[in-house]
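J.: Sequence and predicted structure below; questions after.
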Protein chains: 2
Amino acid sequence: MTHAVKGRVMKQIKAGLIGFGTIGAGVVKVFQHNGPVIADRLGAQLELVKIADLDITTERGVSVAPGQLTTDVEEILANPEIDIVIELIGGYEPARTFVLKAIANGKHVVTANKALLAVHGEEIFAAASKQGVDVYFEAAVAGGIPIISSIKENLCANQFSSVLGILNGTCNYILTRMTQAGDDFADVLKAAQDLGYAEADPTFDVEGIDAAHKLAILLSICFGTRVNFADISTEGIGNISSLDIQFAEQFGYKIKLLAIGKRDGDSIEARVHPTMIPLYHPLADVEGVFNAVRLVGDFVGPSMQIGYGAGMEATASAVMGDVMAIARNMQLGGKGVRTPAMAYCADKVSQLAIKPMAEIVTQYYLRFAANDQPGVLAQISTILGNHHISIASMIQPERQVGGAVPIVVLTHEAMEDHIVKALAEIDKLAVIKEQSRFIRIESELE
Amino acid sequence: MTHAVKGRVMKQIKAGLIGFGTIGAGVVKVFQHNGPVIADRLGAQLELVKIADLDITTERGVSVAPGQLTTDVEEILANPEIDIVIELIGGYEPARTFVLKAIANGKHVVTANKALLAVHGEEIFAAASKQGVDVYFEAAVAGGIPIISSIKENLCANQFSSVLGILNGTCNYILTRMTQAGDDFADVLKAAQDLGYAEADPTFDVEGIDAAHKLAILLSICFGTRVNFADISTEGIGNISSLDIQFAEQFGYKIKLLAIGKRDGDSIEARVHPTMIPLYHPLADVEGVFNAVRLVGDFVGPSMQIGYGAGMEATASAVMGDVMAIARNMQLGGKGVRTPAMAYCADKVSQLAIKPMAEIVTQYYLRFAANDQPGVLAQISTILGNHHISIASMIQPERQVGGAVPIVVLTHEAMEDHIVKALAEIDKLAVIKEQSRFIRIESELE
């Protein structure tokens, strides 16, 4: 369809939006605020012709034209005028049905739905590939960071050895507040909920599940592998105490919830857990609701990006970047998919095994609560030595925590299996008063 | 052209490389090391059919097939088999002639040549647009950071308010060494030259010219404007003393050479100079030869990328990312240019005025060298006040530097014109022993 703009004919590309929630309203705002600059960059007119939602009466903070809103999703899915369908309803169903129908009708799809991709990605991408339409999903991982595109496009001449990052803004906000204010997890979580930075049921965020969903996507596109989500080891931040945060700082570290993916021959590491990173590393300064992703490629070396992880506006920016990418593909003409949705041609995707956590090798922070009596350290270090764990440094501050004295040990690189077994043995000592704790240190950032 | 791979026909895309220096050898290495994974991602076979250089006898650390090397550039420019020409000879001529000839012959071009683009960009992009071929130049700015593509593609739904960064690895290496070792500029420069991190003639780097070239490109694509390179204010790092670095740290800042671009209505700020940034900002942890770019968009908010700025491998990664992007465009079929080379359609590019430095408003670090006698501070602060400059903090340490005592002042936001005039007046005071110094503080990062 064409449309006369300032004396010349400008192509019009039409989109339909399914899901008029927070992010959907953000997308409408981008269309309204930046329509002219988008046209100047694209050489085409992008138009949002329809918005479908079950609820079209709630005030969204944006004004839409009469007739633009509908409760009937078929006005988008079956609309021959619409080229691109933006799916922002979230969840598995009916999102899956709508996306598959849009694809079947020859429409390109933009989605921010990581849960959908994690579970039904293969089905959706296969359908899209068969139809020769695009499925873009930059907004599914760290909305303010164009990491999907960087991996699939700009850095795609590299073989990646690792991808890691801060992928959940709620956890990072909570850890930042705990670090800056010295407050405990429960208090900060409560405050975060009051501020709207954490959900009423925060499980999905604070237990690392959301970060693991995003890691699954990053692993797939970095390493060309199918990822079985259940194989990703996931630990949340609920057990981090302000005591650990203070000790970390004494040793020159900050604690962040990291999602970590590494390639090791024909297997990969895939894990989400609280991690100590050096204070001097730029990742340590990624605070509050910011996200960050760091990749290492064999030619580019380390490459890192920092931006908002979520929120209406940053996510809408990512969605619209995808819409514009599809519009560019359409303008070029031609047929088919420009870049494979999961970075690798479908027949080149493998299934790399995920390494068991017991085989992980990294440095560890260990915290023991022991009776304050001579010989404790000798007993602990003997057991560590018996398990091939070498001590890098140790502090035994003069302070009482529940009647016991904390002893903190930083190890050189050790195997997790050895750590777990050594700690089980140490916990049986009569002088040990609480279960010993460990936090992994990300050695690669040293 | 097609080529049978594992039982199916795979498209072949052919490239020719002009310039077999360090970066050229890096590109050959990517082809050789990552050819298979590139094909798995692209669904096409990339082949480097010819390499042209005047010198084809020097050992480059990579082995090339017999007949692949030539001293005759026409074997690339006039070769009907070649789809993509990679220009890595640098400088204005004969690079310009070769690039224009490649375009005239219908070939896409990838270049890392920022000097060429700064001076002949408009001619080259116009020719490419007319021919419907692509000119990609990701490697021209911060090779390890896909910033050109992020601006032109992923974040292109945003209106940008600022783009700033550490764009010269040599300067950042020198400032990092000065900060960490406390050495003076001249000593560190000498050491950097011995290590190959600085050229024998370091003018281009240490005076900020290289960073200004890169800033010109970033300004153009962020703001859709032609930039007259001569209008960019450029100050190098030669006047930074270890004394300033130490004072900066006392106030919680690090000194970096920043290239800064900001939009202010219909004008832009465009300046390269040593800048104080807060120690807690991730940019302050960008050390050594790393580069970083930070953008602010109206929807994405602040978005930052960190990676190697130069070097054989990171630059080759960027070049090959561009080659693959063009290969994807070719595979899609169709005709014309997918994304305007300078981010905006040619008829939408404007010419925004560059704001004179006198009108810049930011915070300032001021260092005076004064006689150690009562009343000095009163005289200084009176003059500052008369020029509408408000003091945020001040230190007057007990130390002798050449018989004079340093007095250091941090201001609130002030206009540069007022600072310059106040300092000129202060320098006339009998108690002032040396020319007073100022360093701008990047208020936006506070």
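T.: Received it, and whenever you're ready, just let me know what you need. Numbers count the residues shown, from 1 in each chain, chains lettered A, B, ... in the order given.
J.: mind giving me the domain split of chain A?
T.: Using automatic domain parsing, the domain parsing of chain A gives A:2-143+A:313-346, A:147-309, A:357-445.
J.: if we compare those domains, which one ends up closest to B:Lys262?
T.: domain A:2-143+A:313-346 (16.9 Å; CB to CB). Just so you know, the C-beta spots here come from the backbone N, C-alpha and C atoms, and that holds for glycine as well.
J.: Rounded mean pLDDT for the closest one, please.
T.: Taken as a whole, domain A:2-143+A:313-346 has a mean pLDDT of 92.
J.: Could you give the separation of that domain from the chain centroid?
T.: 21 Å (CA atoms, centre = their mean, to the nearest Å).
J.: ok so, going back, now the domains of chain A as CSV including distance to chain B and mean neighbour count?
T.: CSV is the format used below for these (distance: least, CB to the nearest CB, whole Å; neighbours: other CB atoms under 10 Å in any protein chain shown):
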stretch, distance to chain B, mean neighbour count
domain A:2-143+A:313-346, 3, 20
domain A:147-309, 3, 21
domain A:357-445, 11, 16
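J.: what about these, which gets the closest to B:Val133?
T.: Closest among the domains of chain A, using CB to CB: domain A:2-143+A:313-346, at 12.5 Å.
J.: Can you check the pLDDT for A:Arg271?
T.: So A:Arg271 comes in at 98 (pLDDT).
J.: what helix or strand does it sit in?
T.: Assigned by DSSP states H and E, A:Arg271 belongs to strand A:267-278.
J.: strands paired with the helix or strand that that strand is followed by, and their directions?
T.: Following strand A:267-278 in sequence order, the next helix or strand is strand A:290-297 (DSSP H and E). Note on strand A:290-297: by DSSP bridges, its sheet partners are strand A:160-166 (antiparallel), strand A:301-308 (antiparallel).
J.: now the helices for the stretch 301-446 of chain A?
T.: A:312-332, A:376-386, A:416-426 (DSSP state H, counting those that start in this stretch).
J.: Same list (the ones you listed) but as JSON lines, adding distance to B:Gln68.
T.: Formatted as JSON lines, the helices of the stretch 301-446 of chain A follow (distance: least, CB to CB, whole Å):
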{"stretch": "helix A:312-332", "distance to B:Gln68": "31"}
{"stretch": "helix A:376-386", "distance to B:Gln68": "56"}
{"stretch": "helix A:416-426", "distance to B:Gln68": "48"}
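J.: I'd like to know which of those helices lies nearest to B:Ser162.
T.: helix A:312-332 (15.6 Å).
J.: Now that closest one - C-alpha only, PDB.
T.: Taking C-alpha atoms only, helix A:312-332 is exported to PDB below (Å, rounded to 0.1, in the frame of the first residue of the first chain):
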ATOM      1  CA  MET A 312       7.200   0.000  29.500                       C
ATOM      2  CA  GLU A 313       9.500   2.300  27.500                       C
ATOM      3  CA  ALA A 314      12.700   0.300  27.100                       C
ATOM      4  CA  THR A 315      10.700  -2.800  26.200                       C
ATOM      5  CA  ALA A 316       8.600  -0.800  23.700                       C
ATOM      6  CA  SER A 317      11.900   0.500  22.200                       C
ATOM      7  CA  ALA A 318      13.000  -3.100  21.600                       C
ATOM      8  CA  VAL A 319       9.600  -4.100  20.100                       C
ATOM      9  CA  MET A 320       9.600  -1.200  17.700                       C
ATOM     10  CA  GLY A 321      13.200  -1.900  16.700                       C
ATOM     11  CA  ASP A 322      12.000  -5.400  15.700                       C
ATOM     12  CA  VAL A 323       9.000  -4.000  13.800                       C
ATOM     13  CA  MET A 324      11.400  -1.600  11.900                       C
ATOM     14  CA  ALA A 325      13.800  -4.500  11.100                       C
ATOM     15  CA  ILE A 326      10.900  -6.500   9.600                       C
ATOM     16  CA  ALA A 327       9.700  -3.300   7.700                       C
ATOM     17  CA  ARG A 328      13.300  -3.000   6.300                       C
ATOM     18  CA  ASN A 329      13.200  -6.700   5.200                       C
ATOM     19  CA  MET A 330       9.800  -6.100   3.500                       C
ATOM     20  CA  GLN A 331      11.000  -3.000   1.700                       C
ATOM     21  CA  LEU A 332      14.000  -4.800   0.300                       C
END
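J.: chain center to it, what's the gap?
T.: Distance, centroid of helix A:312-332 to centroid of chain: 20 Å (CA atoms, centre = their mean).
J.: which strands and helices sit next to it?
T.: Under the contact definition 3 or more CB pairs under 8 Å, 6 or more residues apart in numbering or on different chains; DSSP states H and E, helix A:312-332 sits against strand A:8-18, helix A:22-42, strand A:44-52, strand A:84-87, strand A:108-111, strand A:135-136, helix B:312-332.
J.: Check whether A:Gln443 really touches A:Gln363, as I assumed.
T.: For the record, residue A:443 is Ser, not Gln. Yes. Counting by CB atoms under 8 Å, A:Ser443 touches A:Gln363, with 5.0 Å between them.
J.: Pull up the overlap in contacts between those two.
T.: Residues touching both A:Ser443 and A:Gln363 (CB atoms under 8 Å, 6 or more residues apart in numbering or on different chains) are A:Glu413.
J.: Give me the contacts around stretch A:219-235.
T.: With CB under 8 Å, 6+ apart, stretch A:219-235 has contacts from A:118-119, A:121-122, A:148, A:151-152, A:160, A:163, A:207-209, A:211-213, A:215-216, A:261, A:263, A:268, A:270-274, A:295, A:342-344, A:348-352, A:354, A:357, B:37, B:40-41.
J.: Try it again at 6 Å.
T.: Here stretch A:219-235 makes contact (CB atoms under 6 Å, 6 or more residues apart in numbering or on different chains) with A:118, A:151-152, A:160, A:163, A:208, A:212, A:216, A:261, A:263, A:268, A:270-273, A:342-344, A:349-352, A:354, A:357.
J.: Restricted to strands, list those residues.
T.: Those of the contacts of stretch A:219-235 mapping onto strands are A:Phe160, A:Val163, A:Gly261, A:Arg263, A:Ile268, A:Ala270, A:Arg271, A:Val272, A:His273, A:Ile354, per DSSP state E.
J.: would you turn those residues into a markdown table with distance to A:Val408?
T.: Output for the ones in strands among the contacts of stretch A:219-235, formatted as a markdown table (distance: CB to CB, whole Å):
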| residue | distance to A:Val408 |
| --- | --- |
| A:Phe160 | 34 |
| A:Val163 | 30 |
| A:Gly261 | 28 |
| A:Arg263 | 32 |
| A:Ile268 | 31 |
| A:Ala270 | 28 |
| A:Arg271 | 23 |
| A:Val272 | 24 |
| A:His273 | 18 |
| A:Ile354 | 31 |
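J.: Many thanks, have a good one.
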